[in-house]
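Asker: Fold the stuff below for me.
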Amino acid sequence: MKWIVAFLAGLLAVCLPAAACDLNVADRGKAVADYVDDMLPCLSEMPAGYWSDARMEAEFLEKVNAERTSRGLAPLRLRPELVDAARVHSLDMAYNHFFDHNSPDGRHPFERVAAFDRSALI
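Answerer: Presented below is the predicted three-dimensional model:
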């Protein structure tokens, strides 16, 4: 019986189409759950011509921290729980041609962070 359930679950997973990355602002749901459902596919399969580079992100943080240290400021640290929200927002800005903390759909940074990981707000 267990193998039948496992087989059917596997078959269902293969037959269901994967959610596609949709960065069109007009198509976004207003609810937090809708926002996450719309944006999560963008992290696993970005639109053609867009990519995420963890090494470049780390190098950027190093440069920022070198500048902060030279000015007597404490270094910043990477918070892994914020990475998904940051990458999605960066992709959203590039794709929709804007540069702002707030998204064209009216979301503020805290709303985006809360949508992906509420523990990041603590």
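Asker: Helix or strand with the lowest mean pLDDT in the protein?
Answerer: Of all the helices and strands that make up the chain, helix 2-15 has the lowest average by mean pLDDT, DSSP states H and E, namely a mean of 48.
Asker: what sits up against stretch 50-63?
Answerer: Counting by C-beta atoms under 8 Å, 6 or more residues apart in numbering, the neighbours of stretch 50-63 from elsewhere in the structure are 43, 46, 76, 78, 87, 90-91, 94-95. Every residue, glycine included, has its C-beta placed from N, CA and C.
Asker: From those residues, which land in helices?
Answerer: Counting by DSSP state H, the part of the contacts of stretch 50-63 found in helices is 43, 87, 90-91, 94-95.
Asker: Most neighbours of all the residues you listed, which one?
Answerer: residue 91 (20 neighbours; other C-beta atoms under 10 Å).
Asker: Could you find the closest non-adjacent residue to residue 90?
Answerer: Nearest non-adjacent residue to residue 90, counting by C-beta to C-beta, 6 or more residues apart in numbering: residue 52, 8.0 Å away.
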